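A.B. asks: Following is a predicted model, sequence given first.
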Amino acid sequence: MFRFTAERVKHLKKGSKFNLVDDDDAEELLTHDGRALTDIQKYDKIMGSDDDDDDPGTIGADVVKVAHFGGGDLEPSAKPDAKLSRKDVIADLIAKTRHAREEKHIAKDEMETATEELDAKYLKLLDKVKAVFRPVGATKSEKTERDDYDKLAIGLKIDADTRATPAERTKTEEELAIEERLRLEEMESLRVARMNAESDKKEHRSVDADTTEQKSSKKSQKQGFEVRFDSDGKLLNAGMVEPVSKKKVAIDSDEELTDEDVEDENEEELDDLINEHHDDQGSEGGEEEGEQENDSDDADEDGDADGDDNEDGGIDEEEDDEEDDNMEDEEEHQIDGTQEIEKKTKASSERNSPVVEDTDVPFVFEMPKKYDALAELLTRYPPGKVHVVLERLMKCYHPSLAEGNKRLLSKLFLYVLRFYDDTAASPLSSDSLKLLGLLSKSLYSLMKFDIEFSVRCVRALIRQNWKKRISKPKSPIPFSLITLLRLISCLYPVSDRWHPVCSPAMALAALTLAKCRISNLNVLARQILLVTVISDYVEESRRFVPEAIAFCQGALLMAVENDDTESPPTTAFPVSLPHRKMLYIREELQKDVQVKPLEIPELFNNDANSDDSDLMRCRVLRALVAVVQKYRILYAAHEHTFTATFTPFVSLLKRIPTSRLPSAVAEEVEALTCSTEAECKLRARLTQMSRVVTEKSMLKMLEPRFEENFDPERPRMNRDQKRQGAKAEKEKLRYLVKKETRGAIKELRKDSAFLMRKQRKETAMKDRDRREKTKRLMSGLQSQQGEWNKELFESGKKKKK
């Protein structure tokens, strides 16, 4: 950079050597202390223009003319004959100049004095105005400012108050539970008081009745028991306290169990309670009950054997083998009693228990000790208030309130689970579906108190459904199984690779889907609903379910024109006519007809006959298309197996007679066909093998060669192959790099030469300065030496004399 600047300066000096006008000369300015005189105020008049004749402090043009050029008379009219000398004229001129300056100072002083007087008057006026008007931003009543001592005292007082007041402590879970229970009890007492007050207004009581009631209340207060402790923590009235005893009583049985048998009987009780419901549903007639019980016993034994062989499937636990033997022995004793009790309680609850209003729901409940008591309690209230009852039960018997509440809530979970299963097995309605949704939320809240016990309960229910499927594998799917699978997906994580509840539930769903015989459209629609539930299980994990894919493919085969050569993928589908074309639409439907979605009560109503109309087939086909679309989206992540899995679906979807379908359904089928085919083509990795075809070389002919971009200046440009292609471009780039390298080396050499010249100049200047200084020193020393020698010489002469 310095070299470049020096070269430019050198060239400019050479070019401007013979210029007559120097453009670089700047106007000279007079300065004082680094500032221009024109910027200083006291030099304004001095640096002013000489042409200003109005200024009295400057010499006029007439005076200069007379005094400097001719020496004439300054006042020719007054003294025409008198002549003044040059000295007198200059003295007169100096006197006039001084007089003008004095007048200027006097005027300036007068101006300053007038300004000060006006400023003083203005300040007085401002004081008067301030006294009349309030300034902006000031308050009407200004507070007197406190001194430093008062401010310090107030600050210390405020700090002391803030430190003295403690912050509110966060309450523990036990304290919150106690407060919630007390709040519910208080609200219950207020509700009872309001109810009694209303009855007191309506009824008339005598004085004797009031006195007897007061006496009885006093007696009841005297008979009340209160636990008291001494200073050591021992009971003062220990004799009145009954010893704690743990008893285990089976439902509908008077036999008591000891503490040693509690753990073994837990699994038996779970299976017994759930067995009661299933066995009660399985018995249809008095004569057939014994046969069905024998069949169920045989099926239980087969199920146990299968469970032992299939431990890897997650269907039975490791410790269930010993518990199932004891469970089956007690099951026979309890089935007969529970069946009659359930029938009586259901009938009595339907007839005698009226529906309670929303405002009459109490705040405190007693924990039901049996399932029948819980069923009677829940059927007493509308479906919308069942979750309120269960929530208040959970709050009243929170585990932090008493020691045995956790066990009571575990039993409540078992009873609510059984009530959930009973509701799903009963005839469906809108209220029952709403009740199932509320019960699932309550079960989720109850599960948190003892997750391990809830897992055992749900596994027991899965085990009972498994045994029922083994005994009757071709029977239609009940709604209780669908609700059980839905409940499991709400309670537990279904995305785990293996789960003690979800894995057996998935195996149960796959077994049901593979073994259930499809006899009509109603059963087929139930199967589609089950496949939808399975898709919810694998939505996050994207796990491949071959039973679901095989069912969807077989169901689509029933919706097209097929023959005997096309066999379904599983044995669950019918192979004979007309059931083989169960979903095939024979007649053309209207394009604008409204196709309603399938309803659950319509599918699981056993009393209704199966509808075989084309509109019903269209509704089932639409549900099937939606399920296939969902599985296509789920398995789109399987890049290597997607094409092999969904290629058969494309051919079946193209064979569906869309011209006979309504416009909405036809559009959905076509959209599914196009999307599936596009995904298959995108992920298709198989290519047909073929032989390599080589081009045959032809004979070289003497034909003229025409160059399209011929350049006469460079004729060999297009002919020379070395100047074309990537290699030629590479050579060009190499040449450019070499050229730029040479230029860079040249510039570096110039820089180094410039630095060397500059260094030599600096060295020469230093040497010159050093030589001059040395010369000055030597001359000075020589002069001193000469003077010294002279003094010595003179002193020697004096001594000789």
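C.D. replies: Good, I have the coordinates.

A.B. asks: Do a quick rundown of the helices in the stretch 551-700 of the chain.
C.D. replies: Secondary structure of the stretch 551-700 of the chain (DSSP state H, counting those that start in this stretch): helices at 600-603, 614-634, 642-654, 663-682.

A.B. asks: Compile the ones you listed into JSON lines and extend it with columns for distance to G437.
C.D. replies: All C-beta spots, glycine's among them, are computed from the backbone N, C-alpha and C. Shown next, in JSON lines, are those (distance: least, CB to CB, whole Å):
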{"stretch": "helix 600-603", "distance to G437": "12"}
{"stretch": "helix 614-634", "distance to G437": "21"}
{"stretch": "helix 642-654", "distance to G437": "34"}
{"stretch": "helix 663-682", "distance to G437": "28"}
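
A.B. asks: Now the ones you listed in TSV, please, with extra columns for mean pLDDT.
C.D. replies: Shown next, in TSV, are the helices of the stretch 551-700 of the chain (pLDDT from 0 to 100):
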stretch	mean pLDDT
helix 600-603	84
helix 614-634	91
helix 642-654	90
helix 663-682	90
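
A.B. asks: Which of the ones you listed sits closest to P504?
C.D. replies: helix 614-634 (22.0 Å; CB to CB).

A.B. asks: quick one: contacts of the closest one?
C.D. replies: 521, 524-525, 528, 531-532, 535, 538-539, 542, 548-549, 552, 555-556, 559, 582-587, 589, 593, 595-598, 646, 649, 656, 661-662, 665, 668-669, 672, 675-676, 679 (CB atoms under 8 Å, 6 or more residues apart in numbering).

A.B. asks: among the residues you listed, which ones are buried?
C.D. replies: 521, 524-525, 528, 531-532, 535, 538, 548-549, 552, 555-556, 559, 582-585, 589, 595, 598, 646, 649, 656, 661-662, 665, 668-669, 672, 676, 679 (16 or more other CB atoms under 10 Å).

A.B. asks: any idea how far M187 is from P362?
C.D. replies: Here M187 is placed at a distance of 9 Å from P362 (CB to CB, to the nearest Å).

A.B. asks: list residues touching both of those two?
C.D. replies: Contacts common to M187 and P362, judged by CB under 8 Å, 6+ apart, are absent.

A.B. asks: can you tell me which of the buried ones among the contacts of helix 614-634 are in strands?
C.D. replies: Using DSSP state E, no member of these sits in strands.

A.B. asks: Pull the contacting residues for the closest residue to D450 other than its chain neighbours.
C.D. replies: Spatially, and ignoring its direct neighbours in sequence, D450 is nearest to S410 (4.7 Å; CB to CB, 6 or more residues apart in numbering). Taking CB under 8 Å, 6+ apart as the criterion, S410 is in contact with F449, D450, F453, S454.

A.B. asks: Where does S410 sit, in terms of helix or strand?
C.D. replies: Using DSSP states H and E, S410 sits in helix 405-425.

A.B. asks: got it, and I745?
C.D. replies: Element membership of I745 [criterion: DSSP H and E] is helix 725-800.

A.B. asks: packing partners for that helix?
C.D. replies: Contacts defined by 3 or more CB pairs under 8 Å, 6 or more residues apart in numbering; DSSP states H and E place helix 725-800 against helix 2-15.

A.B. asks: And the average pLDDT for the helix it packs on is what?
C.D. replies: Average pLDDT, helix 2-15: 75.

A.B. asks: That helix vs helix 725-800, what angle?
C.D. replies: 80 degrees (axes from the mean of the first three to the mean of the last three CA atoms, to 10 degrees).
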